[in-house]
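1. sequence and computational prediction follow.
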Amino acid sequence: MSTTVSGKSGTWRNWAGNVTARPVREVAPASVEELSAAVRKAADDGLKVKAVGTGHSFTAAAATDGVLIRPQLLTGIRKIDREAGTVTVEAGTPLKRLNMALAREGLSLTNMGDIMEQTVSGATSTGTHGTGRDSASIAAQIKGLELVTADGSLLTCSENENPEVFAAARIGIGALGIVTAITFSVEPIFLLTAREEPMTFDKVTADFDELFTENEHFEFYWFPHTGNCNTKRNNRSAGPEKPIGQIGGWIEDEFLSNGVFQVANLLGRAVPATIPTIAKISSRALSARTYTDIPYKVFTSPRRVRFVEMEYAVPREALVETLRELKAMVDRSTLRVSFPVEVRTAPADDITLSTASGRESAYIAVHMFRGTPYQAYFTAAERIFTAHEGRPHWGKVHTRDAEYFSKVYPRFGEFTALRDRLDPDRRFGNDYLRRVLGS
């Protein structure tokens, strides 16, 4: 199978539609060797190179006016090592396909985010995470990876091989090279019991430490313009399986959470004055429910309503204060916010530019319906987040730069020095990386 090359200069758009780019050419390599050749050819032509997955990032991390690498031919599981408890997978494999394949083999990732449309390399490179008291992001489950560097060579890294690259490249934002394969830690498949129920904002913030401590995975959504939240607790279970019924699941997850929610957001965008009323109705629309199923069917959910998102990680001990400040800001403003605010947690990890690097973290994500002006809301929220030394998600909207990151990431200089060594000519650079990492 040969490389697919498009000589036409088309426009690339991300999933949310807020980022566009016009690459000189697009390449879909069918092997690591073809990818290496594409990187060397780009260097000969004096062009930058960026790889793009499904475009679920809200930043321009993957945008380029040079060569756009599409990894859709680099997919599938290379190897399952049951003795070591690992799976090696091609970088372009969608998380959805990986999760389903692992389930068929009786295996699972320990933790994951709530969207599984991304490729494994795109999700890990930007720091995609779920929520967990003890289990961390998808990138923290990486045991090894392969990387095509700026000269076209293939670099393999793990805790024992090129450990300084491994420490950084698990969340590399595309700055160190193009990931071609990832080895994840996996475990025998298990069951999770999910308990979803409404709770007031005041109660969930007052009891947050207890809710966090007592549950393996706890998250909640606060609906702006209301005092209402929806909570979700996921804990391992001995079973038996009790999945969501087909009809009940369709009503809540498709009809209400996607269909009706889409219509409500369209109405709110057209008539912003209706949003507080819609929020009050939306916050009471979902009923309490409990179900037990395999991990990816509990952790993930369909997201068909398109939006723009900002998310910051703050120290976990600062979460409640930060969230109360956010609510007070929305309450006293003229903002009209139709999307709930999502709150999750993660333990500290050892990845150089992980948002949870070296500290227990809590994530606060704010969203706006696609096509709705979001700048005023995000600017006000970002002011609150940064006052608490927040670290923005690398794939979600933010305005921070290298000077800011050098203050909130103790190992920031470690990453930029490694970048200088691996990509001195900035073959993998773009405007976004110039802003967040420096020249």
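-> Perfect, I can see it now. Numbering: from 1, shown residues only.

2. just checking, D350 touches R359?
-> No - the pair D350 / R359 is not scored as a contact, 11.3 Å apart, by C-beta atoms under 8 Å. Heads up, the C-betas are built off the backbone N, CA and C, glycines and all.

3. which one of those two is surrounded by more residues?
-> R359 (20 against 14; other C-beta atoms under 10 Å).

4. nearest spatial neighbour of that one, skipping sequence neighbours?
-> Computed as C-beta to C-beta, 6 or more residues apart in numbering, the closest residue to R359 that is not its neighbour in sequence is A348, at 5.2 Å.

5. that neighbour reaches R316, doesn't it?
-> No - judged on C-beta under 8 Å, A348 makes no contact with R316 at a distance of 9.2 Å.

6. between these two, what contacts are shared?
-> Taking C-beta atoms under 8 Å, 6 or more residues apart in numbering as the criterion, A348 and R316 both touch R359, E360, S361.

7. lowest-scoring secondary structure element of the protein by mean pLDDT?
-> When each helix and strand of the chain is scored by mean pLDDT, DSSP states H and E, strand 4-6 comes last, with a mean of 46.

8. packing partners of the following helix or strand past that strand?
-> Remark: after strand 4-6, the chain's next helix or strand is strand 12-13, criterion DSSP states H and E. Applying 3 or more C-beta pairs under 8 Å, 6 or more residues apart in numbering; DSSP states H and E, one finds that strand 12-13 contacts strand 20-21.

9. strand partners (parallel or antiparallel) of the next helix-or-strand element following the strand it packs on?
-> Once the chain leaves strand 20-21, the next helix or strand it forms, by DSSP H and E, is strand 25-28. Under the criterion DSSP bridges, strand 25-28 sits next to strand 4-6 (antiparallel), strand 67-69 (parallel) in its sheet.

10. mind listing what's buried in the host helix or strand of I275?
-> Of the helices and strands defined by DSSP H and E, I275 is found in helix 275-282. Neighbour counts over helix 275-282 (16 or more other C-beta atoms under 10 Å) mark I275, P276, I278, A279, S282 as buried.

11. got the contact list for the very next helix or strand once past that helix?
-> Note on helix 275-282: by DSSP H and E, the next helix or strand toward the C-terminus is strand 289-293. Contacts to strand 289-293, defined as C-beta under 8 Å, 6+ apart, come from residues 191-197, 237, 239-244, 248, 252, 298.

12. what comes up buried for strand 289-293?
-> Going by 16+ other C-beta under 10 Å, strand 289-293 has these buried residues: Y291, T292, D293.

13. could you export it as CSV, CA atoms only?
-> Extracted in CSV, the C-alpha atoms of strand 289-293 (Å, rounded to 0.1, in the frame of the first residue of the first chain):
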residue,chain,number,x,y,z
ARG,A,289,-30.0,6.2,37.5
THR,A,290,-27.6,3.4,38.4
TYR,A,291,-26.1,0.9,36.0
THR,A,292,-23.2,-1.6,35.8
ASP,A,293,-21.2,-2.2,32.7
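
14. and it, how far from the chain's centre?
-> Strand 289-293 sits 24 Å away from the centroid of its parent chain (C-alpha atoms, centre = their mean, to the nearest Å).

15. I'd like the average pLDDT over whichever helix or strand comes after it.
-> Where DSSP H and E defines the elements, the next helix or strand beyond strand 289-293 is helix 295-299. Helix 295-299 shows a mean pLDDT of 96.

16. what does the helix or strand that comes right after helix 295-299 rub up against?
-> Where DSSP H and E defines the elements, the next helix or strand beyond helix 295-299 is strand 307-315. Residues outside strand 307-315 that contact it (C-beta under 8 Å, 6+ apart) are 16, 18, 58, 322, 339, 342, 346, 355-356, 359-370, 374, 378, 381-382, 385-386, 388-393, 396-398.

17. return the residues in contact with I178.
-> L35, V39, V49, A51, I69, A91, L147, V148, F428.

18. so the third one bridges to which residues?
-> When you say that, I think you mean V49. What pairs with V49, by the bridge criterion (DSSP bridges), is V67.

19. can I assume it is in contact with A38?
-> Yes - using C-beta under 8 Å, V49 makes contact with A38 at a distance of 7.3 Å.

20. picking up where we left off before, more neighbours: A348 and R316, which one.
-> R316 (21 against 14).

21. what residues sit buried inside the helix or strand harbouring E325?
-> In this assignment (DSSP H and E), E325 forms part of helix 319-332. Neighbour-count burial for helix 319-332 flags L319, V320, T322, L323, E325, L326, K327, M329, V330 (criterion: 16+ other C-beta under 10 Å).

22. shared neighbours, V49 and A38?
-> Common neighbours of V49 and A38 (C-beta under 8 Å, 6+ apart) are V67, I69.
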